[in-house]
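Novice: pasting the sequence and the predicted coordinates here, then a few questions.
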Amino acid sequence: MAARDTRARSSDFLRLVLLICLSVIVMLADRRTEYLDNARSILAVFITPLQFIASTPDRLGTWIQEAFTSEESLNQAYTRVRGENMKLRARLQRMQALEAENASLRRLLAAAEKVPDQVLMAELVDVSLDPYTHKLIVNRGVTDGIYLGQPVLDPEGVMGQVTETMPFTSAVTLITDPSHATPVQVERNGLRAITFGTGTADKLKVSYLTHNADIKIGDVLVTSGMGGRFPAGYPVAEVMEIVRDASEAFLRISAKPVARLERSKHILLVWQGIQKDFSEEDFGEGE
Amino acid sequence: MSSSRWLIVVLTFVVAFVLNLIPLPGWVLPYRPDWVVLVLIYWCLAIPDRFGTGAGWFVGLLVDVNNANLLGLHALAMAALGYVTSRLHLRIRMFPWWQQSLSVLLLLFFYKGLVGWMRSLLGELQFDWMYWMSSIIGVLIWPWLFIVLRDVRRYARIT
């Protein structure tokens, strides 16, 4: 009996060692290669339904709210949205003229023509992940053509990028995640910099700017398009604080993201300048 | 153990995962107990010869997919937790409730510490004392969770 017990224990320990080795291999493989994306998709079959169950209260709330909205308030909302639409269309007319002018100027300069970005609307799956990860789950996945590294925006600015894709959902890492860096430039003068996430929801840090850099509180940082991941020109953050410490090589700058990272329920997934044939209702033209 | 009884075990994990995911306001989140880990500890204590290292590893893999982080991170920590818990099950089961809670707290700290250490190696995490808060709330919930799961186990006659 005792001998059997010892044998069972040592086999149990052996199993633990094997599984730990396997975990390390899996971690390395997941970090360095893309072989495990399929495994993740298969396991997501178990997890995705649970995420949808967990977000039911939220969806139910929205549904009830929609079902009991009075005609009057709907009419009000409709009028407001129509007014907004009119204004935006008026602005778009000017935009189109500018775009055409820009394209012809670029042709004159023999520069590559800019193709307008395509966007797809998506909704958050309202679940709370680990509080120490700055990630969101979105209700679009591989079946909608979402790809790794795809930029994610909300109506105000850049939110982050897609870091995991699963069949029907994908995970978005926010720009505030400590592991996320965003190449930006100051809108006012084109000064290039990089913002890093800090792990707090409303703070980014701007690194590697020397003491003589021309940057002020209130400057808007927009994506620079460097690195090719984010399309150029989308607002990222606003400079909140600049600390000039002579003992440090660089300025200590903190900025506040302009996207409403905590509150946006609807987000936009961007295809950079790729023309894709998708159904009309899902798409609008971005930029 | 028949497959219908396994189904009960799976169901407890389904409930635990959903409880982990339920949307909460941001400031509550650090206090949220990790239900999946608590349920894992329970089953490792209750049926240690069928539920331990291997099962912990698989549950951990699902947690990794759920949190959309590096695949294998929680799997490693949960395999280790499953191993330690099932090794100590005889001792922990004999303890009076407060000693049991204390050992569960140590198990939770062990698990959180392992996960936190790996994640800080990856640069995903800066430790603060709030990080340990969920373990403390978890251990406050443990005695009640234990009773509920014990009733479930007796009702389903899982031995």
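Specialist: Ah, there it is.

Novice: chain A: strands as residue ranges?
Specialist: Here chain A has its strands, by DSSP state E, at A:118-123, A:135-138, A:151-153, A:158-165, A:170-174, A:181-186, A:192-197, A:204-207, A:220-223, A:235-243, A:252-257, A:266-271, A:283-285.

Novice: mean neighbour count and mean pLDDT added to those, as CSV?
Specialist: Where you see a C-beta, it was placed from the backbone N, CA and C, and this is true even at glycine. Compiled in CSV, the strands of chain A are given as follows (neighbours: other C-beta atoms under 10 Å in any protein chain shown; pLDDT from 0 to 100):
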stretch, mean neighbour count, mean pLDDT
strand A:118-123, 18, 88
strand A:135-138, 22, 91
strand A:151-153, 24, 92
strand A:158-165, 24, 92
strand A:170-174, 24, 93
strand A:181-186, 21, 94
strand A:192-197, 20, 93
strand A:204-207, 21, 92
strand A:220-223, 22, 94
strand A:235-243, 18, 94
strand A:252-257, 21, 94
strand A:266-271, 20, 90
strand A:283-285, 12, 43
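
Novice: distance to chain B for those - can I get that in CSV?
Specialist: Converted to CSV, the strands of chain A look like this (distance: least, C-beta to the nearest C-beta, whole Å):
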stretch, distance to chain B
strand A:118-123, 13
strand A:135-138, 5
strand A:151-153, 14
strand A:158-165, 4
strand A:170-174, 3
strand A:181-186, 11
strand A:192-197, 10
strand A:204-207, 13
strand A:220-223, 23
strand A:235-243, 19
strand A:252-257, 15
strand A:266-271, 16
strand A:283-285, 26
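
Novice: quick one: which of these is nearest residue A:48?
Specialist: Distances from residue A:48 to each of the strands of chain A were compared using C-beta to C-beta; the minimum, 8.9 Å, belongs to strand A:135-138.

Novice: and the residue most central in space within chain B, what are its phi and psi?
Specialist: The central residue of chain B, meaning the one whose C-alpha is nearest the mean C-alpha position (C-alpha atoms, centre = their mean), is residue B:37 at 1.1 Å. Backbone torsions for residue B:37, taken as degrees, to the nearest 10, come to phi -70, psi -40.

Novice: ok, and the closest non-adjacent residue to it?
Specialist: With C-beta to C-beta, 6 or more residues apart in numbering or on different chains as the measure, residue B:111 is the residue that lies nearest to residue B:37, at 5.9 Å, once sequence neighbours are left out.

Novice: try residue A:242
Specialist: What sits nearest to residue A:242 in space, not counting adjacent residues and going by C-beta to C-beta, 6+ apart, is residue A:253, at 5.1 Å.

Novice: so what's the residue count around the residue nearest to residue B:37?
Specialist: Using other C-beta atoms under 10 Å in any protein chain shown, residue B:111 has 26 neighbouring residues.

Novice: state the helix or strand in which it lies.
Specialist: Assigning secondary structure by DSSP states H and E places residue B:111 in helix B:97-121.

Novice: list the buried ones in whichever helix or strand comes after that helix?
Specialist: Note on helix B:97-121: by DSSP H and E, the next helix or strand toward the C-terminus is helix B:133-155. Using 16 or more other C-beta atoms under 10 Å in any protein chain shown as the test for burial, helix B:133-155 gives B:133-135, B:138-139, B:142, B:145-146, B:149, B:152-153.

Novice: distance between stretch B:63-70 and the chain's centre?
Specialist: On the basis of C-alpha atoms, centre = their mean, to the nearest Å, stretch B:63-70 is displaced by 15 Å from the centre of the chain it belongs to.

Novice: now swap in stretch B:119-126 and tell me
Specialist: The gap between the average C-alpha position of stretch B:119-126 and the chain average comes to 21 Å, counting by C-alpha atoms, centre = their mean.

Novice: what do you get for stretch B:94-104?
Specialist: Its chain's C-alpha centre lies 16 Å from the corresponding centre of stretch B:94-104 when counted by C-alpha atoms, centre = their mean.

Novice: quick check: mean pLDDT across it?
Specialist: Stretch B:94-104 shows a mean pLDDT of 93.

Novice: now do that stretch: everything it contacts.
Specialist: Residues outside stretch B:94-104 that contact it (C-beta atoms under 8 Å, 6 or more residues apart in numbering or on different chains): B:38, B:41, B:88, B:91-93, B:138-139, B:142-143, B:146.

Novice: shaky segments in chain A?
Specialist: A:1-5, A:111-115, A:273-287 (pLDDT under 70).

Novice: next one: chain B
Specialist: Applying pLDDT under 70 to chain B flags no residue at all.

Novice: switch the cut-off to 80
Specialist: Counting by pLDDT under 80, the ranges of chain B that qualify are B:1, B:26, B:123-127, B:159.

Novice: from residue B:73, how far out is the residue nearest to residue B:37?
Specialist: Distance check for residue B:111 against residue B:73: by C-beta to C-beta, to the nearest Å, it reads 12 Å.

Novice: joint contacts of the two?
Specialist: With contacts defined as C-beta under 8 Å, 6+ apart, no residue is adjacent to both residue B:111 and residue B:73.

Novice: end to end, how far does stretch A:137-155 reach?
Specialist: Start and end residues of stretch A:137-155 are separated by 18 Å (C-alpha to C-alpha, to the nearest Å).

Novice: buried residues in that stretch?
Specialist: The neighbour-count criterion (16+ other C-beta under 10 Å) identifies A:137-142, A:144, A:146, A:150-154 as the buried residues of stretch A:137-155.

Novice: same check on stretch B:73-80?
Specialist: Under 16+ other C-beta under 10 Å, the buried positions of stretch B:73-80 are B:73-80.

Novice: around chain B, pick out the residues from the stretch 51-200 of chain A.
Specialist: Applying C-beta under 8 Å from any C-beta of the partner chain, one finds that the stretch 51-200 of chain A approaches chain B through A:51, A:53-55, A:57-58, A:126-133, A:135, A:137, A:163-164, A:166, A:171, A:177-179, A:199.

Novice: in helices, which of the residues you listed fall?
Specialist: Among those, the members falling in helices (DSSP state H) are A:51, A:53-54, A:57-58.

Novice: in these, find the pair that's most separated.
Specialist: When C-beta to C-beta is used, the two most widely separated members of these are A:51 and A:57, lying 12.8 Å apart.

Novice: higher neighbour count, those two?
Specialist: For residue A:51 against residue A:57, the residue with the higher neighbour count under other C-beta under 10 Å is residue A:51, and the figures read 22 against 12.

Novice: surely the more buried one meets residue B:21?
Specialist: Yes: applying C-beta atoms under 8 Å, one finds residue A:51 in contact with residue B:21, separated by 5.9 Å.
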